[in-house]
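*Asks:* Give me a 3D structure for the following:
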Amino acid sequence: MLKIGIVLGSVRQGRNAEAVANWTLDFAKKRNDADVEYEIVDLANYNLPFLGAAVPEAQQAEAEKAIKGWSEKMASYDGYIFVAPEYNHAVGGALKNALDYLNPEVNNKAAGFVGYGSLGGVRAHENLRLILGELQVADVRTAVTFSLMTDFENMSVFKPADYHEANANEMLDQVIAWSRVLKTVR
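*Replies:* Below is the predicted model of the structure:
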């Protein structure tokens with residue numbers, strides 16, 4: 001069984017990421033890929049401290065538990081789909097911080113991207129490609145890019161255009177193929 005984690009990479013209140021991640025999960029499950037299991041990993045469920053910042057003694061046990069849980073969850077997957085909003089021409093700080101806690105957990109695995117923003121999240125994808133390259137994660141070429149102007153009503157109600165399904169299928173095909181192959185080298 002191949003396990004693919006759909007990482008919801010925003011913790012912002014009122015985030016659009018939940019709707020986008022749920023669309024991605026529903027779309028992936030409807031494909032009925034043989035021996036592939038998809039699951040959402042919501043970054044908001046992990047209260048990760050800033051890497052390297054001092055943690056008050058009263059919060060250390062909670063922080064250690066969050067870090068351990070995040071690490072174990074991400075290690076349990078063969079590949080990833082990062083749902084990444086674009087903030088200020090880059091990936092959001094919460095996702096970058098979370099990725100900084102990882103290394104061997106994600107080595108030799110594959111990743112695809114689903115983004116949203118004024119330009120569909122493509123600059124966040126560019127940032128993620130650099131970050132994941134350092135973590136030895138192979139990212140696939142095709143990405144899904146939702147525009148805040150055309151795929152969201154009032155920039156908050158998710159109403160994706162049907163044409164995104166072609167890119168979603170291609171991205172999923174690539175993530176599955178690369179995840180299967182990379183599983184043999186781990």
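*Asks:* burial measure for Glu57, as a count.
*Replies:* As a burial measure, Glu57 scores 7 neighbours (other C-beta atoms under 10 Å). The way it works is simple: take the backbone N, C-alpha and C, and place the C-beta from them, glycine included.
*Asks:* Then the one 4 residues further on?
*Replies:* For Ala61, the count of nearby residues is 10 (other C-beta under 10 Å).
*Asks:* ok, then the element right after the helix or strand containing it?
*Replies:* Using DSSP states H and E, Ala61 maps to helix 60-75. Remark: after helix 60-75, the chain's next helix or strand is strand 79-87, criterion DSSP H and E.
*Asks:* Show me what that next one is packed against.
*Replies:* Packing contacts for strand 79-87, counted by 3 or more C-beta pairs under 8 Å, 6 or more residues apart in numbering; DSSP states H and E, involve strand 2-8, helix 17-30, helix 93-100, strand 109-117, helix 122-134, helix 164-183.
*Asks:* Which residues belonging to it are considered buried?
*Replies:* For strand 79-87, the neighbour count (16 or more other C-beta atoms under 10 Å) marks 79-87 as buried.
*Asks:* per-residue pLDDT, the closest residue in space to Ala17 that isn't next to it in sequence?
*Replies:* Nearest non-adjacent residue to Ala17, counting by C-beta to C-beta, 6 or more residues apart in numbering: Ser10, 3.9 Å away. On the pLDDT scale, Ser10 is placed at 96.
*Asks:* ok, Ser10 touching Val91?
*Replies:* No - using C-beta atoms under 8 Å, Ser10 makes no contact with Val91, being 9.8 Å away.
*Asks:* Of those two, which one has the most company?
*Replies:* Val91 (27 against 24).
*Asks:* circling back: pull up the overlap in contacts between Ser10 and Val91.
*Replies:* Ala84 (C-beta atoms under 8 Å, 6 or more residues apart in numbering).
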